[in-house]
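>>> build me a model from this:
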Amino acid sequence: MAEVVKETLEEFAGLLLRNLNFIGGLTYGSVFGELVMLGVQSKRTASIIASSTCCTWEASVGLPAGAGTPMQVVMARTEGQVFRERVGFVVLCIIGAYCSMRILVELRYILEPFLWALFLVMAWKPVVDGIELRLELMPSPE
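Prediction:
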């Protein structure tokens, strides 16, 4: 997880204060852009503060003239980070399955009549179709 913040510098009582205002968050696989890196703007407008190792690539597609040469920065995650992410995912799946089962148990008395109706409609559909077919094939009395 990384936070996107807007930086401002203010002078207060002779001291230079750096304020960070939270704008949003970036999760694994998120995409963000900074126009200063591409040379479009001269002043940075936001900063990324990561809580763990991040991997960032500078885009080379659609660079304006004079924007400089693109570079690629790759930072790999450690085996411990990958393990924690995978274990966390499994734990969240287990919690989600447990919560789903608890909700279904709580809603059993509401859902049970609808499920019986669905079952009976699906079970009797072939029988009704067969009866309708025989009725259609019967010769009409003249």
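
>>> hey, where'd the helices end up in this structure?
Secondary structure of the chain, counting by DSSP state H: helices at 35-38, 79-106, 108-137.

>>> single out the most deeply packed of these.
helix 35-38 (a mean of 15; mean count of other Cβ atoms under 10 Å). All C-beta atoms are positioned from the backbone trio N, CA, C, and that covers glycine.

>>> still on that earlier bit, reformat the helices of the chain as JSON lines; add distance to residue 15.
As requested, these are arranged in JSON lines below (distance: least, Cβ to Cβ, whole Å):
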{"stretch": "helix 35-38", "distance to residue 15": "26"}
{"stretch": "helix 79-106", "distance to residue 15": "37"}
{"stretch": "helix 108-137", "distance to residue 15": "62"}
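
>>> quick one: residue 107 from residue 90, how far?
26 Å (Cβ to Cβ, to the nearest Å).

>>> coming back round to it: want to throw the helices of the chain into TSV with mean pLDDT and distance to residue 7?
Below are these laid out as TSV (pLDDT from 0 to 100; distance: least, Cβ to Cβ, whole Å):
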stretch	mean pLDDT	distance to residue 7
helix 35-38	60	12
helix 79-106	94	27
helix 108-137	91	52
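
>>> nearest to residue 25, out of those?
Closest of the helices of the chain to residue 25 is helix 79-106, at 16.3 Å (criterion: Cβ to Cβ).

>>> just the angle between the closest one and helix 108-137, please?
70 degrees (axes from the mean of the first three to the mean of the last three Cα atoms, to 10 degrees).

>>> elements contacting helix 79-106?
Using 3 or more Cβ pairs under 8 Å, 6 or more residues apart in numbering; DSSP states H and E as the contact test, no helix or strand touches helix 79-106.

>>> just give the nearest non-adjacent residue to residue 28, would you?
residue 85 (7.6 Å; Cβ to Cβ, 6 or more residues apart in numbering).
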